[in-house]
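# Structure for the following, please:
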Amino acid sequence: MTRINTNVASLRGVRNLARSNSLLDKSLTRLSTGLKINSGKDNPAGLIASETLRSQITVIEQSITNSNRANNVISTADAALGEINGLLNQVRGLIQEGLNDGALSQPEKEANQTQIDAALSAINRISANTTFAGDKLIDGSKSYRTTQTTADAGKLDDFQVRSAVFAGSSNIVIDAQVTTAASKGELFSTAVSGGGGLAASTTLEISGSTGTDVVFLGAGSSLSDAATAINALTDSTGVTVTKTDAVAGTGALDSVATDADLVITDARGLDTSNGQTVKLVIASTAAGNQALDITSSSTSTEITITVTLETNASSVSQTTGTDLIAALASDADSSGLVSAALAAGNDGSGVISFNINAGSLDVATDASLTFSSNDFGSAEFVGVKALQGTFTTTTVSTSGSASERAEGTDIVATINGQLAQGKGLKASITTAQLDASVSFNTTNNVAAANSKVTVTGGGALFQIGQEVSAAGQIGIGIDGVNTARLGGISGKLFELGSGGGKSLLDVSPSNPGSGLVKIIDEAISKVSNLRGRLGAIQKNVIETNISTLGVALESISAARSQIIDTDFASETAALTRAQILNQSGLSVLGIANQNPSQVLSLLG
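Predicted coordinates for the structure are as follows:
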């Protein structure tokens with residue numbers, strides 16, 4: 001070059017040296033921080049993606065922490081419930097021992113009752129003192145708050161809200177409607193025939209949901225006898241029998257005259273037909289001055305009551321409807337066979353016509369027995385089998401198909417429009433937002449019956465997922481686990497304590513020990529079901545959630561690492577290159593700066 005005012009080569013060297021310095025600075029920064037993106041200019045799109053993933057990672061990490069804490073809360077509650085379960089089983093054993101009345105002295109029974117009182121007190125103490133970080137768990141403060149109208153409350157025996165997630169709503173309405181009523185297992189029988197008793201000795205095997213027993217009925221036993229014998233075994237079979245009385249047959253006695261029509265009713269009071277009908281006949285007579293007279297005759301198939309009407313000298317009937325009613329009631333024979341009453345719209349002042357009759361009367365509907373399971377539902381059944389003799393039972397009605405066994409059916413209902421799971425009279429629903437059940441009472445166990453429960457608050461809400469919605473939350477309701485709440489329809493646990501009315505010392509024929517056993521069994525079942533529900537949430541919800549979130553954390557962290565973390569292998573290579581370029585740039589710049597001095601040789 002022979003120009004000295006502008007050194008283009010030097011400028012080019014300076015520019016390349018600045019670029020190599022920038023590359024060197026970037027490599028040093030990445031290697032010193034371990035990050036490829038240290039500012040927005042390094043990779044704008046990558047920065048946006050990495051920060052989005054970073055936020056998600058933060059949420060996942062906190063969700064895992066939340067899940068572990070929820071797990072700890074439930075484990076604390078479960079440990080306390082386990083202790084209560086143990087105490088309940090001790091009480092169950094003490095009751096069983098105390099009912100061995102013939103082998104225990106009064107002081108021994110009193111000692112057992114003292115132990116029961118101590119166990120009940122311990123249950124209340126555990127319930128009141130089970131806390132996590134100062135928050136009580138099983139005293140009822142974790143149960144859901146609900147409201148009902150008086151009308152709706154009267155339709156239900158019980159309801160439970162196990163889980164509810166409000167998801168922005170101020171309340172949740174549980175709207176239950178019966179589609180098809182639940183039924184008991186039922187069989188029907190009109191086995192007694194031919195005049196009021198079994199034709200021969202009969203042995204029946206009666207079976208139900210609680211067991212099987214045998215009934216021996218002698219020849220001549222009536223339906224009432226059968227019902228009494230079978231009901232005496234209800235505790236061991238779970239089968240109850242009700243007797244429906246026969247409905248007497250009726251016939252119309254229509255006179256030509258007005259106000260003389262009567263209704264004649266079979267008055268024999270038989271459970272079933274005895275093989276004979278009864279017939280009331282008004283005799284045809286033309287004799288004058290005839291007195292009112294009643295006679296009867298019978299064959300093997302019919303009893304005939306013949307009425308000769310009172311007449312005047314002209315052979316005209318003088319007997320009114322009222323007269324005939326009184327005469328039939330006062331006659332020793334006819335009063336036990338028929339009864340008479342005025343037909344609607346008649347005052348009895350008209351005279352009875354000759355040559356009419358009320359037809360052949362018998363029982364319109366035979367007496368029958370209904371064998372029913374004690375409870376409703378598909379788990380309930382009734383079985384009646386004749387081991388000796390003849391005893392026929394039918395399903396649906398006395399005229400139904402012959403059968404020795406009948407099962408009940410579960411209720412079919414909807415809750416909030418969704419088909420609920422039925423079990424007996426209880427309908428349950430489980431969704432992400434709601435886990436609840438309602439039990440209709442027997443009066444409202446009918447199609448179209450409807451009841452509502454409004455959940456207004458309470459419960460324990462755990463944020464275990466990424467989404468702040470029902471998808472990422474679980475709600476748990478824990479009812480109070482104390483002697484006032486434990487138990488069921490048979491009674492509450494506190495009643496087993498001294499002075500509660502159902503202690504060991506209160507057992508008597510009118511207060512049997514089976515009542516105590518039912519209460520403690522219901523309490524054990526309630527605590528066991530609660531523990532099972534909490535355990536299912538731990539195992540199937542929280543633990544699987546932790547595992548799923550852990551996998552998601554790994555994958556998302558790896559994705560973010562690909563975007564933002566420095567690859568030291570490639571970055572050290574880039575550093576070496578930048579160092580070489582920097583050094584060479586310095587050398588080249590020095591040479592370029594010396595080039596203009598060569599023009600001095602031209603002035604030599």
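
# residue ranges with poor pLDDT in the stretch 51-200 of the chain?
The model of the stretch 51-200 of the chain has pLDDT under 70 over residues 191-196.

# Equivalent analysis for the stretch 301-450 of the chain, please.
Within the stretch 301-450 of the chain, the segments meeting pLDDT under 70 span 358-365.

# Please, where are all the strands along it?
With DSSP state E, counting those that start in this stretch as the criterion, the stretch 301-450 of the chain has strands at 302-308, 338-342, 357-361, 363-365, 368-373, 381-388, 405-407, 412-415, 418-419, 421-423, 426-430, 434-440, 450-458.

# can I get the CA coordinates of the helix or strand following the longest one in CSV?
Using DSSP states H and E, the helix or strand that directly follows strand 450-458 along the chain is strand 460-463. Output for strand 460-463, consisting of C-alpha atoms alone and laid out as CSV, is shown next (Å, rounded to 0.1, in the frame of the first residue of the first chain):
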residue,chain,number,x,y,z
ALA,A,460,-60.0,-30.6,53.3
LEU,A,461,-58.8,-29.5,49.9
PHE,A,462,-55.4,-30.6,48.6
GLN,A,463,-53.7,-29.0,45.6
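
# per-residue confidence averaged over the very next helix or strand once past strand 460-463?
Downstream of strand 460-463, the next assigned helix or strand under DSSP H and E is strand 473-476. The average of the pLDDT scores along strand 473-476 is 90.

# Given strand 473-476, what are its sheet partners and their directions?
Strand 473-476 sits in its sheet next to strand 460-463 (antiparallel), going by DSSP bridges.

# before we move on, the earlier item: just so I know, which of the strands of the stretch 301-450 of the chain lies nearest Ile84?
Proximity to Ile84 (C-beta to C-beta) singles out strand 450-458 among the strands of the stretch 301-450 of the chain, at 21.2 Å. Any C-beta I mention is one placed from the backbone N, CA and C, and that applies to glycine too.

# can you give me the angle that closest one makes with strand 434-440?
Strand 450-458 runs at 140 degrees relative to strand 434-440, counting by axes from the mean of the first three to the mean of the last three C-alpha atoms, to 10 degrees.

# Would you mind pulling up the elements that strand 450-458 packs against?
Using 3 or more C-beta pairs under 8 Å, 6 or more residues apart in numbering; DSSP states H and E, the elements in contact with strand 450-458 are strand 144-147, helix 150-153, strand 156-164, strand 172-180, strand 434-440.

# Out of those, which one sits most buried?
Greatest average neighbour count among the helices and strands packed on strand 450-458 goes to strand 434-440 (a mean of 23), per mean count of other C-beta atoms under 10 Å.

# got the contact list for that strand?
Contact partners of strand 434-440, identified using C-beta atoms under 8 Å, 6 or more residues apart in numbering, comprise 155-165, 172, 174, 176, 178, 411, 413, 415-416, 424-429, 449, 451, 453, 455.

# And stretch 443-455, by the same measure?
With contacts defined as C-beta under 8 Å, 6+ apart, stretch 443-455 is touched by 144-149, 152, 155-156, 159, 161, 164, 171-182, 376, 411, 425, 436, 438, 440.

# do stretch 479-497 as well
Residues contacting stretch 479-497 (C-beta under 8 Å, 6+ apart): 80-81, 84, 88, 91, 95, 116-117, 120, 123-124, 127-128, 138-140, 143, 157, 160, 500-503, 515-516, 518-520, 522-523, 525-527, 530.

# So among these, which ones count as buried?
Buried subset of the contacts of stretch 479-497 (neighbour count, 16 or more other C-beta atoms under 10 Å): 80-81, 84, 88, 91, 95, 116-117, 120, 123-124, 127, 138-140, 143, 157, 160, 500, 502-503, 515-516, 518-520, 522-523, 526-527, 530.
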